[in-house]
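Next one to model:
(one chain, ligands or ions: 1)
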Amino acid sequence: MTTVLTAPRRPAATGAPALALREISKTYDGAHTVLDRVSLDVPGGAFIAVLGGRGSGKSTLVHCAAGLDDPTGGEVRIGDRRVNGLGEAKRTLLRQGRIGFVFQSFNLLPSLTVEENLAMPLRLAGAADDRDWLHHLAERTGVARLLRRRPGDLAPVFQQRAAVARAFASRPDLVVADEPTGALDAYEAAEVLDLVRSLVDEWAPGLLMVTGDPAAASRAHATFALEGARLRPVLTSAV
Ligand SMILES: Nc1ncnc2c1ncn2[C@@H]1O[C@H](COP(=O)(O)OP(=O)(O)OP(=O)(O)O)[C@@H](O)[C@H]1O
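Just a heads-up that it's a prediction; the model follows:
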């Protein structure tokens, strides 16, 4: 008998979106405003892209959304928890349990195997090892035959597939992706984005991706442009 493993969702206690940004602002050095009263909801099951040029504030937005940095004004909520204002220890716990990350440069730990990299979020969150789940995740993301390899031995597209698997490993409520296709060619980028889209559709975390690439943004359910420190919706054809 084949067992079908799914990524069970935490019960949504409040029906709150996976991520809610409420009028957040960010000013560096008291003068350089990068985000100006930006509001955005990322519901569970939604893949939301924010498109912006170099220096438009994409990384700042992601860092504030994921509790890596504090906005200078406004509110960030992950599910039913307000993130800004939390102490560092609570914020770290929240990130480890509920947020997955995908970066442009993969950020896999080079001394660990792919399997150990995938297991890391569960370990950090204090969850029991779940080999069946991790192997299912590896199959689903196309890295099952690479589990014993180290990231440095893999082509970039497989490193990013492994990083995507790691981002979903702890069954997060929210995944944030900062230029996830920036180190890939167009063909590889399409492959990784199709994977991300299918995982969001299947497992229903909210996913916020920032990118400078309109082709990447076209894979999202909805796209916003970050320009002049403000966010505006971009009209796209249905995907
Ligand atoms: N810690 C910081 N202190 C001061 N200024 C900063 C800091 N971080 C970012 N900035 C400035 O804020 C602006 C937005 O930076 P950010 O990295 O968020 O943009 P980005 O859209 O991600 O850029 P890129 O596409 O080049 O990575 C830039 O002008 C940058 O120099």
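
Pull out the buried residues from the longest helix seen in the chain.
Criterion DSSP state H: the longest helix present in the chain is helix 186-203. For helix 186-203, the neighbour count (16 or more other Cβ atoms under 10 Å) marks 188-193, 195-197, 199-200, 203 as buried. Just so you know, the C-beta spots here come from the backbone N, C-alpha and C atoms, and that holds for glycine as well.

And the pLDDT at the closest residue to Thr113 other than its chain neighbours?
Nearest residue to Thr113, sequence neighbours excluded (Cβ to Cβ, 6 or more residues apart in numbering): Arg148, at 5.5 Å. Model confidence at Arg148, given as pLDDT, is 97.

rewinding a little: looking at the buried residues of helix 186-203, which is nearest Arg171?
Trp203 (7.3 Å; Cβ to Cβ).

The closest one and Leu231: what is the separation?
26 Å (Cβ to Cβ, to the nearest Å).

ditto for Ser39
Distance of Ser39 to Leu231, computed by Cβ to Cβ: 7 Å.

between those two, which one's more packed in?
Leu231 (22 against 12; other Cβ atoms under 10 Å).

got the contact list for that one?
Neighbour list for Leu231: 38-40, 50, 224-225 [criterion: Cβ atoms under 8 Å, 6 or more residues apart in numbering].

For it, list each beta-bridge partner.
In this entry, Leu231 is beta-bridged to Leu226, by DSSP bridges.

Tell me the pLDDT of it.
At Leu231, pLDDT is 97.

average model confidence for stretch 196-204?
Stretch 196-204 comes out at a mean pLDDT of 96.

same check, this time on stretch 125-136
Mean predicted confidence for stretch 125-136 is 89.
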